[in-house]
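Chemist: below is the sequence, then the predicted model.
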Amino acid sequence: PSWYPTAANRSKGIFFWEQTRLTAALFDVRMLVGSEQIIGKKTLYKYFLPFKGEIDPFYKEHNAEPLIAYFEYALPGFINEAAQLTFRLDAYLKKTQGLIAEGWKPDLIHAHCAVYGGIIAQYISGKLNIPYIITEHQHFIFDYFSDHTFRLSKAALEGAAKVLSVSRFQSRMILMNGVACDPVVIGNFVDEAIFRFSYAPQRHENLFPVTGRIK
């Protein structure tokens with residue numbers, strides 16, 4: 001996934017974790033969750049990609065079953081966007097290679113969102129010869145990103161074996177941005193049990209009080 005729940009924000013991307021648990025009933029699934037540790041020049045020499053060792057309590061809590069391949073990696077905060085992306089790509093590749101060395105190799109990579117999940121998936125796919133698909137969740141407007149990210153995201157979508165989207169609007173946005181693909185709408189599933197709905201009736205006649213006579 002391009003984002004994932006943390007101790008500070010437990011609802012961020014929680015549906016990725018839920019979908020992993022659902023698909024694990026039929027498939028041998030591992031979700032790669034990388035956590036960036038921003039460092040400066042003075043501390044750069046202390047870090048070796050991709051493992052740092054400390055694990056956020058949230059991941060300890062949800063790692064009772066071996067579905068989440070969590071890892072941390074150092075990301076220098078003083079380098080440019082393209083160089084930082086290289087660190088991300090190498091970290092995820094090394095983690096994947098580590099899983100393969102342990103005897104687990106995926107038949108398919110499923111990336112959630114082209115930025116940065118899809119870019120990483122395409123990179124790993126090219127290095128290890130594993131096909132990948134992308135499910136797009138973001139409001140896909142490339143103007144929000146740099147030209148460098150735009151080119152890589154577009155290439156990732158166009159190189160995917162299949163592009164999925166969570167709404168018709170999402171599919172239209174992908175195509176309107178000139179991406180040469182044929183997205184399939186699959187929707188987005190949400191566990192409604194975690195929400196509480198309340199209804200407070202309002203007196204609509206008081207919302208716009210009339211202060212003067214209309215002639």
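Modeler: That came through, no problem.
Chemist: can you point out the buried residues in stretch 72-88?
Modeler: 72-75, 84-85, 87-88 (16 or more other Cβ atoms under 10 Å). Any C-beta I mention is one placed from the backbone N, CA and C, and that applies to glycine too.
Chemist: these in strands, which ones?
Modeler: Of the buried residues of stretch 72-88, the ones assigned to strands by DSSP state E are 72-75.
Chemist: His139: which of those is nearest?
Modeler: Comparing those against His139 with Cβ to Cβ places Leu75 closest, at 24.9 Å.
Chemist: which residues does the nearest residue to the closest one once chain neighbours are set aside bridge with?
Modeler: Leaving aside its sequence neighbours, Leu75 sits nearest to Glu36 (Cβ to Cβ, 6 or more residues apart in numbering; 4.4 Å). Taking DSSP bridges as the rule, Glu36 bridges to Tyr73.
Chemist: could you measure from the nearest residue to Ile68 once chain neighbours are set aside over to Ala91?
Modeler: Take Ile68 and drop its neighbours on the chain: the residue closest to it by Cβ to Cβ, 6+ apart is Met31, 5.2 Å away. Using Cβ to Cβ, to the nearest Å, we find Met31 at a distance of 15 Å from Ala91.
Chemist: same question, Gly34
Modeler: Taken as Cβ to Cβ, the span from Gly34 to Ala91 is 6 Å.
Chemist: more neighbours: which of those two?
Modeler: Neighbours were counted for Gly34 and for Ala91 using other Cβ atoms under 10 Å; Ala91 has more, 23 against 19.
Chemist: what kind of secondary structure is the more buried one in?
Modeler: helix (DSSP: H, G, I helix; E, B strand; the rest coil).
Chemist: separation between it and Val179?
Modeler: Using Cβ to Cβ, Ala91 is found at 26 Å from Val179.
Chemist: enumerate every residue touching the residue nearest to Leu75.
Modeler: Neighbour list for Glu36: 72-73, 75, 88 [criterion: Cβ atoms under 8 Å, 6 or more residues apart in numbering].
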